[in-house]
Structures are given as structure tokens and as C-alpha cells.
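**Q** Next come a sequence and a model predicted from it.
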Amino acid sequence: MFEVLLGLLLAVVGAGVAYQQTLRRRQALAELEAAQRELATLQQKLKDQQAQARALNESIAKCDALILRLRQTNAENDRTIGALKEQLKDYERLAINLRGQLNTVERTSRESKALFTAISSVAYDLVFVLNEEGLVIAMNRAADKLFGKRNPIGERLSDLLDAPELADFVARAGDEEEDLETQLLLDNRHYRVRTKPIRYDALQLFVGVAMQDITDLVRLNRARRDMVANISHELRTPIANIRMIIEGLFYDDDRPKRKASISSLRSIQRETDSLLWLVQELLDLSMIESGQAIMKLYPNRLLDLVNDTVDRLKDQLAQKELKVVLHIPAKIEVLCDWEQTRRVLLNLIHNAIKWSPPREAISVSASQQGDEVVISVFDNGRGVPDDQRERIFERFYQVDTSRSGNEGSGLGLAICKHIVEAHGGRIWAEGNSSGGGGRFFFTLISANEDDVHAPTEMQRGQHDYVPLPTLPSTAVTRDDPASDEPSIELEDDETSRTA
């Protein structure tokens, strides 16, 4: 039994051992299969890695080639950069040179611009520059009076000025590219116009325009022509009169009577005085303007000076039966040249005689105002128009030659102006807008320490002759009917005088 059990046990143990072996074999097979699968996986991975390695090697080779090319390119770039650096240095040196030249050009340009501005600004002529389109691109200060307050830069000349003649003239100068010159009348003023086309390059053309205001020259030439005509008339008339009087004396059948001879001689004397007056005016003006007339200033009593002047004009006063009323304080003294100041008074009173109606009065007044003495000469003539108060002191100018019959040379008031200004004084006239009568004033330096006031001055239109008060016993009166001289009356204080 035991053996049976032992056999069964051994059989069971053997079966267990076989089963264990079978399990181990199965497990070993499974592990082998797993290992094979893992090996296959590893082999696949190895293949993949080898493929990757080959691809990587190819990439590395490409990278090496690229790096080689980059190195070559880098070397070329280095060489190019080196060349560029050298060029840059050359350019820097060139830039420094050009900058220096530019600074020189800018400095020269500034100097040229400043020089042009200075020259054009101080020039009396009007200067402006136009481009081909007719636009104003530059001008000087003198051109302001042509264009007014409007800024003309960039404007067309035809739009700035209502002067088609000027615009056409400038356009013709640009078209013909020639220097042209003409004379135009713009706004009642005469201009000498000159153009200068300047070709800057093949595409740009500028036209420079210079305009000289010659209005004063034209007026002076006209005045000189009038002066020649006036002087010719002034010389011809007295010479012809003298010739006729002398012929009358020589060709009388009977022996000339004394009274007729004296009358003729006096006529000759008057005509000769007219000639001397004209010649003296020309000489005085020439001497004064040339600076050869030296003013010798001394204190002089004004009343004595005026009395001396009136005495020299007594014949002219008598011809028109005029009287001179003086309103001059006897104490007034002036610092003046006696002869030259008398010349001023002679011209002013002579002018008043010429324009005064017959049997009227001329008043001469004086008053001290501060350091000056104001002397006035009034007449009852037609006076001076307001718009000609300044022009009457110009040489050869006459207010109305048609009314005056071309009498006078137009030099008297110009001489007065020169003499008075040489004394440091002023001379002017008042217009006749507020009434008739000529009113002339001038000033001289006072030689009085204290102010001396004139008696009440008569107003405009009231300086007719008024009979003077009863004279004291010290007065001197000459009323001889046989005498040709006008009466002379002196007041005791010598402040008034009637001639």
C-alpha cells in the first residue's frame, strides 16, 4: 500500500515536476518570443537610427559644405568690407573736402548776398528781378515805393502794377534776351527803365529791372527851359524899351526938352534896374549854391534893416502908390549878415509889390519867440495856393506864369530860402485857402537877451493902410508935392513906419 502510495506520490511529484518544467518551458518560450520581439524592435530602431545617422551625416556634410561656402562668402565679405571701408574713408575725405568747399561757397554766398543786399538797399534806383513766368523773385528797399506796402515776392508784375507799358517792355526784354532802355510815365512820375536778361542755365532765365526816378530831372529841365524863356523875355523887354527911348531922344526933330529928357532917363533907369535885378539874382544864386557867399553874422537892429530895404524900393512903391506899414519893435536885434538879410527882405517886399493891387498896403511885422525872431511880410494880392506852398521856393518855379505875364525869373524865393537857411533859420508861406493875401514868414536868430514882443498884428485881409496916430513934434514928415519921393512918417518909438 505504501508502495502504491509512494508510487502515487512519486507519480504526482513527477507530474508536478513535469508540469513545472512545462510551465518553465512555456515561460522561457514566452520570454524568448518577447526577447525576439524586443530584438526585432531594437533592430528596427537600430535601422531607424542608422537611417537617421545617415541622414544626419548627410546634413552634417551639407552643413560642412554650407559652412565652407559661408566661410568663403565671409572671406569675400571681409574683403568687400575692407574695400568698402577704404571707399568709406575716401568718401569721408571727399565729404570733408566737399563740406569745406560748401562752407566756402556758403560763406561766399552769404557775403555775395550781403553785398548785393547792401548795394541794392543803398541804391537810389528801384531794382527787382523777374523769372521767366514774370514773377517777382527779388527786390531792393527802394522798390517799396513802387509796390507800396504789398509784398510783391511771388506775384506777377502785371498783377502788381497797372502799368501795361512796363509789363510789355520787360516781357520783350525777356523774349529778345537783350539789354533794353526806355522812359516811362507811371503814376505821374517819370522813370528811366533798364532791363538786363541773365541766362542762369539752359532752362532758367532771369530779367533784372532797374528803374530810376527822373521826375525831378524832367521838372528841372522843364524849369530850366522856362527859366531861359523867362530870362530871355526879361532881358528883351527892358533892352527893347531902352532902345526905343534912346532912339526917341536921338531922332527928335526939335531939341529934347529937359523935362522929357529927365522922364526918358528915369525910364532908362527903371529898365536898367530891372536888368540889374535879374543879373543880381542869377549872381546871388550862383554864389550861394557854390558856397562862395560867406555869411558875416553881427547883431543888427531889425528896424534899421527894414527901413534901409524899404528906401531902396521907394520907386517901385511909388509906381503903384503902395504903402508899407511896419510893426517892428525898435529894440529887436537879430544876428545876421546885413547885406544878405536885406536881400531876403528886398525879394519878399518886391514880390509883394508885384502882386499887390494899386493903392494898397504891405505890412511887415516882427516878434521875438524864444531864441528866434519871426518876420512876416503880408500883402493884399491873391496869395499862394495851398498845394504850391513848398514848390514856390524851388529854383525857376513860378505860381502862374499866365497871370504874371512871365515877369520874374523864379529865383527870388529860392535865394531867400538859401540865405535864411544859411543863417540857421526857416522860411515858409501860408496858403490862401482861408482868404486872400500873400503871407510869408522867416526866422532869424535873436540877438536880444530878453523877449521883445511886437505890437498887435493885423489879421489877414486887415493889413490895409490905416492912418497913423498924430505924430509928435519929433517926427519928420516929407510931403513936398513937387517931390517924386513918397512920404515917410516915423513914430516916436519907431515901431511903425509908412512908406
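**A** Thanks, I have the structure now. Residues are numbered from 1 along each chain as shown.
**Q** so residue 428 sits in a strand?
**A** Yes. Checked against DSSP: H, G, I helix; E, B strand; the rest coil, residue 428 lies within a strand.
**Q** what helix or strand is residue 66 on?
**A** helix 2-122 (DSSP states H and E).
**Q** Not counting its neighbours along the chain, what's nearest the most centrally placed residue in the chain?
**A** In the chain, the residue lying closest to the centroid (Cα atoms, centre = their mean) is residue 142, at 4.4 Å. Excluding its sequence neighbours, the residue lying closest to residue 142 (Cβ to Cβ, 6 or more residues apart in numbering) is residue 126, at 4.9 Å. Where you see a C-beta, it was placed from the backbone N, CA and C, and this is true even at glycine.
**Q** That neighbour pairs with what?
**A** Following DSSP bridges, residue 126 is listed with bridge partners residue 211.
**Q** got the contact list for it?
**A** Residue 126 is in contact with 140, 142-143, 145-146, 191, 210-213, counting by Cβ atoms under 8 Å, 6 or more residues apart in numbering.
**Q** Distance check, it against residue 384.
**A** In this view, residue 126 and residue 384 are 33 Å apart by Cβ to Cβ, to the nearest Å.
**Q** just residue 148 next, same as before
**A** From residue 148 across to residue 384, the span is 31 Å (Cβ to Cβ).
**Q** would you say residue 442 is within a strand?
**A** Yes. Per three-state DSSP, residue 442 lies within a strand segment.
**Q** The nearest residue to it once chain neighbours are set aside: neighbour count?
**A** Of all residues not flanking residue 442 in the chain, residue 427 sits nearest, at 4.0 Å (Cβ to Cβ, 6+ apart). Neighbourhood size, residue 427 [other Cβ atoms under 10 Å]: 20.
**Q** And the pLDDT at residue 427?
**A** The confidence metric pLDDT takes the value 95 at residue 427.
**Q** next one: residue 371
**A** 92.
**Q** okay but it is in contact with residue 446, surely?
**A** Yes. Residue 371 is within contact range of residue 446, at 5.6 Å (criterion: Cβ atoms under 8 Å).
**Q** Which one of those two is surrounded by more residues?
**A** residue 446 (22 against 12).
**Q** where's the closest residue to the more buried one other than its chain neighbours, which helix or strand?
**A** Residue nearest to residue 446 in three dimensions, not counting chain neighbours: residue 373, with 4.9 Å by Cβ to Cβ, 6+ apart. Secondary structure assignment for residue 373, by DSSP H and E: strand 372-378.
**Q** got it, and residue 209?
**A** strand 205-213.
**Q** and that strand, what does it pack onto?
**A** strand 126-130, helix 164-176, strand 189-199 (3 or more Cβ pairs under 8 Å, 6 or more residues apart in numbering; DSSP states H and E).
**Q** and if we set it to 10 Å?
**A** Contacts defined by 3 or more Cβ pairs under 10 Å, 6 or more residues apart in numbering; DSSP states H and E place strand 205-213 against strand 126-130, strand 136-139, helix 144-147, helix 164-176, strand 180-186, strand 189-199.
**Q** can I get those in CSV with distance to residue 344 and mean pLDDT?
**A** Formatted as CSV, the helices and strands packed on strand 205-213 follow (distance: least, Cβ to Cβ, whole Å; pLDDT from 0 to 100):
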stretch, distance to residue 344, mean pLDDT
strand 126-130, 38, 83
strand 136-139, 45, 80
helix 144-147, 35, 76
helix 164-176, 45, 82
strand 180-186, 37, 85
strand 189-199, 33, 86
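**Q** Out of those, the one nearest residue 346 is which?
**A** Nearest to residue 346, of all these, is strand 189-199, at 35.8 Å by Cβ to Cβ.
**Q** Partner strands of that closest one and their direction?
**A** strand 180-186 (antiparallel), strand 205-213 (antiparallel).
**Q** Mean neighbour count, those: which tops it?
**A** Highest mean neighbour count of the strands paired with strand 189-199: strand 205-213, a mean of 19 (counted as mean count of other Cβ atoms under 10 Å).
**Q** lowest-pLDDT helix or strand in this protein?
**A** strand 489-490 (a mean of 37; mean pLDDT, DSSP states H and E).
**Q** Quick one: low-confidence residue ranges for the stretch 301-450 of the chain.
**A** The model of the stretch 301-450 of the chain has pLDDT under 70 over residues 395-396, 398-410, 434-435, 450.
**Q** ranges for the helices of it?
**A** Secondary structure of the stretch 301-450 of the chain (DSSP state H, counting those that start in this stretch): helices at 302-312, 314-319, 338-355, 401-404, 412-422.
**Q** To residue 432, which of these lies closest?
**A** helix 338-355 (10.9 Å).
**Q** can you state the direction angle for that closest one and helix 412-422?
**A** 150 degrees (axes from the mean of the first three to the mean of the last three Cα atoms, to 10 degrees).
**Q** Now helix 338-355: buried residues?
**A** Across helix 338-355, burial judged by 16 or more other Cβ atoms under 10 Å covers 340-355.
**Q** Nearest to residue 414 among the residues you listed?
**A** So of the buried residues of helix 338-355, ranked by how close each gets to residue 414 (Cβ to Cβ), first place is residue 347, at 9.4 Å.
**Q** wait, isn't that closest one in contact with residue 392?
**A** No. Contact between residue 347 and residue 392 fails when scored by Cβ atoms under 10 Å: they sit 11.8 Å apart.
**Q** quick one, which of residue 148 and residue 384 is more surrounded?
**A** residue 384 (23 against 10).
**Q** any idea how far that one is from residue 312?
**A** 24 Å.
**Q** Then residue 108?
**A** From residue 108 over to residue 312 (counting by Cβ to Cβ), the distance is 69 Å.
**Q** Residue 13 too?
**A** Going from residue 13 to residue 312 by Cβ to Cβ gives 191 Å.
**Q** what about these two, which has more around it?
**A** residue 312 (14 against 10).
**Q** In contact with the nearest residue to residue 337 once chain neighbours are set aside, which residues are there?
**A** Once flanking residues are discounted, residue 337 sits nearest to residue 295: 4.5 Å by Cβ to Cβ, 6+ apart. Going by Cβ atoms under 10 Å, 6 or more residues apart in numbering, residue 295 touches 288, 336-337, 339-341, 419, 422-424.
**Q** Pull out the buried residues from the residues you listed.
**A** 288, 336-337, 340-341, 419, 422-423.
**Q** so which pair among those residues is furthest apart in space?
**A** 288 and 336 (14.7 Å).
**Q** wait, residue 350 sits on residue 313?
**A** Yes. Between residue 350 and residue 313 there is a contact at 6.4 Å, judged by Cβ under 10 Å.
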